[in-house]
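Novice: okay, here's the prediction I keep looking at, along with the sequence it came from:
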Amino acid sequence: MTAKLAKFDFKQGFNRETTQYAEEGKWFDGNRVRFRAERPENMRGYATKVSTAFDGSARDLIAWKDNSNKKRALFATPEKVYEHDGDQITDITPITTVVTLANVFGTTAGSTRVCCSDGSHGRQKGDYVLFTSAAVFGSDVSLTGNVYQITSIVDTNVFTISISGNAGATSTQAGSATFNYYIATGTSVASQGVGYGASDYNAADPTSIGLSKISSTSGNALVTVSCASAHGGVANDFIVFQNTSIDSVAATIGGNLNLTKPAAGGPEFTIVSVNGTQVIISAAANASASGDVTSSLNMTALVYKQTGGGGSGRAWNAEASADATDLALDIAQWSMDNWDENVLLNRRGSNIYYFITQASTSPVRATTVTTSPISVNSVIVSPNDRHVIALGANEFSPTATVSGTFNPMLVRWSDQGSRTNWVPSVSSTAGEVVLTDGTRIVGGVRSKNAINVWTDNSLWLMEFAGPPFTFKFQQAGTNCGLIGPHAGIDYNGVTYWMGYDNFYANTGQVEVLDCTVRRFVFDKLNTSYYDKVYAGINSEFKEIIWLFVSNNATECDSYVIFSPDEGYWVYGDTFFTTFKDREIFGNTITTGATTTGNFLYNNEPAGVFTGDGETLTSFIESADFDVDDGNAIMFMNKIIPDFDLSTGKIKLELISKQYPESTNSVTKEFDITNTTQKVDLRARGRQAKVRVSCAANNASWKWGSIRLALQGDGGR
């Protein structure tokens with residue numbers, strides 16, 4: 001029987017909402033590929049932009065040109081804030097406390113450990129301190145101009161650091177220096193809330209306790225909980241706080257700490273230590289204010305013993321409390337926006353900081369806007385009318401204009417053209433509005449004619465209206481909350497965002513995007529790290545990208561891309577944590593977290609198809625397709641490929657089988673080079689799929705169609 005040539009084309013994008021056989025005629029899987037004119041091609045590579053590594057994984061990234069037309073970028077991590085001026089990165093982390101002390105250092109000869117004395121320092125392990133004007137001690141130890149991370153806390157008056165070399169002598173109460181304390185280091189690892197696995201298997205039933213007082217110290221994550229009766233807890237037990245009723249609102253501790261999930265219970269905290277009827281816990285962030293809360297607590301506590309037995313126990317699949325959730329404590333998160341050529345920035349739960357591009361000091365550090373609300377969850381600047389907008393903030397109070405009650409649903413803005421005046425008055429346009437439909441504001445994005453503001457359940461449009469109300473608010477949708485502070489982006493006047501189980505667009509009305517990989521992405525998404533989802537634009541290829549953390553990972557290791565113009569979806573692996581479009585630097589820039597360190601990268605520079613000089617592997621694989629009509633077993637003896645390849649080779653695989661669920665599939669592998677016209681083979685099957693991959697160094701490739709030479713081979 002004469003063989004016939006059958007042409008196979010596959011629908012652009014990845015399509016895997018059903019089974020691989022049900023997606024016949026489509027591409028099903030891949031990595032580091034995109035589509036152009038409906039045909040797949042590999043993505044370009046990346047290269048380190050600055051060889052200097054930085055501390056922590058970046059949570060936000062902004063790029064701009066200053067008034068001198070100099071290209072700049074600024075990014076922030078849980079540890080520090082950095083500025084890139086086109087040549088290098090500079091540590092510009094805000095300094096919150098400065099104190100000059102004498103006779104405060106201790107060393108041991110031959111050791112790198114240095115003890116530093118500062119009464120009631122309020123620091124934690126992992127915080128940073130810059131020493132200036134430091135006298136030499138320990139024979140040869142000089143700290144001047146160096147930043148050190150605190151390695152341990154000896155007590156409330158003493159902490160230790162580690163120096164690069166060994167001290168030459170033993171000394172006590174030696175030396176003097178100015179201690180410049182950085183903002184407290186935040187966390188990048190989520191603390192899982194109550195729910196399945198929240199306490200040890202077969203742990204004892206919890207003890208329910210009333211509360212009489214909760215105390216906090218500004219800049220410290222340790223919180224003292226005074227119980228109304230004996231709690232029975234010990235260090236390493238767990239404690240969960242619950243609202244006293246569904247309608248009650250639990251008190252905000254330390255200006256910015258919420259110990260309960262609104263209207264319910266959780267998250268879960270580990271008990272650090274106990275003292276009589278007091279329990280000491282460590283919150284996920286540092287308190288922004290000191291003080292005792294004794295009234296309107298509206299909370300009770302559940303203490304879970306972690307002794308591995310007692311009580312009635314808890315079965316392996318039983319909830320750990322009456323209100324089990326997947327709630328995770330907030331990681332340290334940043335937001336930033338331009339204010340003319342300068343930058344306003346905020347770490348969630350803190351006040352607002354300001355970076356002056358042309359300041360004369362070196363380095364130019366971000367400084368505190370002292371009159372801004374002391375607890376802000378994110379910040380954005382309103383265009384044209386120039387208001388600084390705080391999303392989730394302290395309410396205005398005539399007696400406490402900066403530090404009123406924190407409200408996670410509050411939108412508060414400054415006077416027009418001022419970053420410092422937050423006091424509403426007849427001569428000021430400053431004001432505030434409390435949103436509804438949700439428990440907290442998650443983030444905001446500028447779009448045409450309005451700012452999109454999301455709660456965890458709804459979308460609101462914030463439009464400039466002028467006096468006397470300044471802004472008007474309109475709810476645009478519900479059950480469409482934002483999954484993380486940076487999970488939304490504006491593209492050509494349409495806002496796109498990732499929700500908790502869908503992708504959305506605001507085209508004048510909220511629409512659920514038809515996503516051909518939705519189930520795959522949300523099944524892969526690590527629910528403990530919603531906050532790390534980061535949306536970006538690659539305008540060169542008209543793409544929107546979401547970076548996210550997959551199961552069993554703690555930093556972004558995956559991406560999903562949507563093309564609004566062509567309507568396709570692809571996904572793959574990455575190590576980027578932020579993403580900025582090409583309008584400033586000519587290519588997209590990113591930050592990445594690797595085992596060798598965290599770096600700033602040029603992403604997809606022209607002509608580069610390697611990853612920092614290393615070979616990058618890309619592939620695409622089709623869904624199963626019937627070789628003929630699926631009835632007869634077909635014999636395949638020739639493949640005619642259609643491709644473009646710059647260098648090296650493409651590997652082509654044909655995987656054939658008799659039934660969709662056959663385990664005895666047969667794979668034929670072939671190397672395709674620029675001289676390949678056809679491939680001869682011998683393969684049989686009812687169904688087949690093709691896989692195209694490339695691991696050639698610095699190679700670019702495009703794939704067209706494929707033709708198979710077929711002839712009947714029987715019906716069995």
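Specialist: It's in.

Novice: any stretches of this protein with poor pLDDT?
Specialist: 1-2, 190-205, 245-248, 261-267, 284, 306-329, 630, 664, 714-716 (pLDDT under 70).

Novice: how about the nearest residue to the most centrally placed residue in it, chain neighbours excluded?
Specialist: With distances taken as Cα atoms, centre = their mean, K532 lies nearest the centre of the chain, 1.6 Å away. Excluding its sequence neighbours, the residue lying closest to K532 (Cβ to Cβ, 6 or more residues apart in numbering) is V549, at 5.2 Å. All C-beta atoms are positioned from the backbone trio N, CA, C, and that covers glycine.

Novice: report how many residues lie close to the one you found.
Specialist: Residues near V549, counting by other Cβ atoms under 10 Å, number 23.

Novice: touching, the residue nearest to the centre of the chain and D330? I think so.
Specialist: No. In this structure, K532 is not within contact of D330 by Cβ atoms under 8 Å, at 11.3 Å.

Novice: can I get stretch 420-437 in PDB? Just the C-alpha atoms.
Specialist: In PDB, the C-alpha atoms belonging to stretch 420-437 read as follows (Å, rounded to 0.1, in the frame of the first residue of the first chain):
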ATOM      1  CA  THR A 420       3.400  65.000  54.100                       C
ATOM      2  CA  ASN A 421       0.000  66.500  54.700                       C
ATOM      3  CA  TRP A 422      -2.500  63.800  55.700                       C
ATOM      4  CA  VAL A 423      -4.900  66.000  57.700                       C
ATOM      5  CA  PRO A 424      -8.400  66.500  56.200                       C
ATOM      6  CA  SER A 425      -9.400  70.200  56.500                       C
ATOM      7  CA  VAL A 426     -11.200  72.900  54.500                       C
ATOM      8  CA  SER A 427      -7.800  73.900  53.100                       C
ATOM      9  CA  SER A 428      -6.700  70.300  52.300                       C
ATOM     10  CA  THR A 429      -8.000  67.600  49.900                       C
ATOM     11  CA  ALA A 430      -6.700  64.900  52.200                       C
ATOM     12  CA  GLY A 431      -9.300  62.300  53.100                       C
ATOM     13  CA  GLU A 432     -10.300  58.700  53.600                       C
ATOM     14  CA  VAL A 433     -13.000  56.100  52.700                       C
ATOM     15  CA  VAL A 434     -13.700  52.700  54.100                       C
ATOM     16  CA  LEU A 435     -14.500  50.100  51.500                       C
ATOM     17  CA  THR A 436     -16.900  47.200  52.000                       C
ATOM     18  CA  ASP A 437     -17.100  43.600  50.600                       C
END
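
Novice: quick one: contacts of it?
Specialist: 369-373, 387, 393, 395-396, 401-402, 407, 409-416, 441, 453, 455, 457-458, 460, 467, 469-471, 473, 475, 478 (Cβ atoms under 8 Å, 6 or more residues apart in numbering).

Novice: cool, stretch 91-102 as well?
Specialist: 74, 79-83, 117-118, 128, 130, 133, 147, 175-184, 219, 353, 355, 363-368.

Novice: point out the ones among the residues you listed that are inside strands.
Specialist: 74, 81-83, 117, 128, 130, 147, 175-182, 353, 355, 367-368 (DSSP state E).

Novice: measure the residue nearest to K532 to T596 for me?
Specialist: 20 Å (Cβ to Cβ, to the nearest Å).

Novice: helix, strand or coil for F520?
Specialist: helix (DSSP: H, G, I helix; E, B strand; the rest coil).

Novice: quick check: the closest residue to it other than its chain neighbours vs W569, distance?
Specialist: Among residues not flanking F520 along the chain, R16 sits closest, at 5.2 Å (Cβ to Cβ, 6+ apart). Look at R16 and W569: by Cβ to Cβ, they are 10 Å apart.

Novice: with G536 instead?
Specialist: 16 Å.

Novice: buried set for stretch 120-127?
Specialist: By 16 or more other Cβ atoms under 10 Å, the buried positions in stretch 120-127 come out as 121-124, 126-127.

Novice: if we can go back for a sec, which neighbours do R16 and W569 share?
Specialist: With Cβ under 8 Å, 6+ apart, R16 and W569 have common neighbours 516-517.

Novice: quick one on the thing from earlier: ok, the residue nearest to F520 - contacts?
Specialist: Per Cβ under 8 Å, 6+ apart, neighbours of R16: 23, 28-29, 516-517, 519-520, 623.

Novice: which of the helices or strands spans it?
Specialist: For R16, there is no enclosing helix or strand under DSSP states H and E.

Novice: ok, it to F522 distance?
Specialist: 12 Å.

Novice: same question for S414.
Specialist: 38 Å.

Novice: out of the two, which sits in the more crowded spot?
Specialist: Neighbour count, other Cβ under 10 Å: between S414 and F522, S414 has more, with 28 against 19.

Novice: that one and H387 touch, don't they?
Specialist: Yes. The criterion here is Cβ under 8 Å, and S414 meets it with H387 at 5.8 Å.
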